[in-house]
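Engineer: coordinates only, no sequence provided:
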């Protein structure tokens, strides 16, 4: 709904996403040189900083929407400006109050759908409930499939996400899903900050072997992995290293870091096995519970994470955390999607 006088946000209300003047991005190869008049980019409350970076990269203002949590506990959304016949992109990620963020996204999609948006794309850098992707025991839900159904019923036409915990989640959708990879950004960081000639890529478990071998092959370095046994969820009892890391810089790679118990134990085992330094590079830094304490006390030189989840508070508390910005990748995906260009180019560049 259009309004020439949007409501003024109060100090007590939840964060309200407001527009700002478009900031022209620096002129770089492949960068857009002008705003896109038929694109609207909205943000929920889970990660407005990333949305602002993407908008700046595209050279467009962040569209105006009031997303509030009144005392009743219900999510209240007001789309402040017209979206009729626009290509709408809505960013909310699986961070903080996950259920609230998911409802914000669904309600914003629905609000834009009934306001005659031409196409609605959900940008979910860290997909909600991605680890609940299969029925691994009796009476267990497949919650990732439920989330896919919710987004579809809300009116979503397209989904953009990054490093899904299980790639088969794409099959849960009846709409196109672009699953981007942080691998090119990881490789760029390794080449820029670490001696590539003297490193070995390590997977903390067998499930991540494919990701680790892909990075190792592109860097033309050795690969190792851990076989781990768990007592219960998020608690590893024993890790066995398969491969050699003696005299080399070990780089642990994974899709997410939650409590960081696995990374802390893996770093200790790698140093005991003769590694000179240990780095960890992960896409989604959830960093819940004792994670920051574990990282600070571990043998890790650095934990490198992307900003698919807000990290500013974690960086202030732990000097071992370093953040890689994925806003340029997401902005280029929006541009390519809008103009009907191939997105697969970004899987390697």
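Structural biologist: Yep, it's here. A quick note: this is a predicted structure, and the numbers were derived from the prediction, not measured.

Engineer: all strands for the stretch 101-250 of the chain, in order.
Structural biologist: Secondary structure of the stretch 101-250 of the chain (DSSP state E, counting those that start in this stretch): strands at 119-124, 158-162, 177-180, 199-203, 222-232, 235-242, 249-257.

Engineer: and the second one, average pLDDT?
Structural biologist: Mean pLDDT, computed over strand 158-162, is 98.

Engineer: pull up the pairing partners for it, direction included.
Structural biologist: Partner strands and pairing direction for strand 158-162 (DSSP bridges) are strand 119-124 (parallel), strand 177-180 (parallel).

Engineer: just name the most buried of those strands.
Structural biologist: strand 119-124 (a mean of 24; mean count of other C-beta atoms under 10 Å). C-betas here are computed from N, CA, C, even on glycine.

Engineer: do you know which of the strands of the stretch 101-250 of the chain lies nearest residue 147?
Structural biologist: With C-beta to C-beta as the criterion, residue 147 lies closest to strand 119-124 of the strands of the stretch 101-250 of the chain, at 9.0 Å.

Engineer: how about the strands of the stretch 101-250 of the chain in CSV, adding distance to residue 322?
Structural biologist: Shown next, in CSV, are those (distance: least, C-beta to C-beta, whole Å):
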stretch, distance to residue 322
strand 119-124, 24
strand 158-162, 18
strand 177-180, 20
strand 199-203, 16
strand 222-232, 23
strand 235-242, 24
strand 249-257, 13
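
Engineer: which of the ones you listed has the lowest mean pLDDT?
Structural biologist: Among the strands of the stretch 101-250 of the chain, strand 235-242 carries the lowest mean pLDDT (a mean of 76).

Engineer: re earlier: right, so of the strands of the stretch 101-250 of the chain, which gets closest to residue 328?
Structural biologist: Of all the strands of the stretch 101-250 of the chain, strand 177-180 sits nearest to residue 328, with 11.4 Å by C-beta to C-beta.

Engineer: just the residues contacting that closest one, thanks.
Structural biologist: With C-beta atoms under 8 Å, 6 or more residues apart in numbering as the contact definition, strand 177-180 has outside contacts at 158-164, 167, 169-170, 326, 329-330, 333, 337, 343, 346-347.

Engineer: what about those, which are in helices?
Structural biologist: 329-330, 333, 337 (DSSP state H).

Engineer: among these, name the buried ones.
Structural biologist: Using 16 or more other C-beta atoms under 10 Å as the burial test, the ones in helices among the contacts of strand 177-180 include 329-330, 333, 337 as buried.

Engineer: helices along the stretch 51-200 of the chain, start to end?
Structural biologist: 98-113, 143-154, 183-193 (DSSP state H, counting those that start in this stretch).

Engineer: how big is the angle separating the first one from strand 119-124?
Structural biologist: Just to be clear, that refers to helix 98-113. Per axes from the mean of the first three to the mean of the last three C-alpha atoms, to 10 degrees, the angle that helix 98-113 makes with strand 119-124 is 170 degrees.
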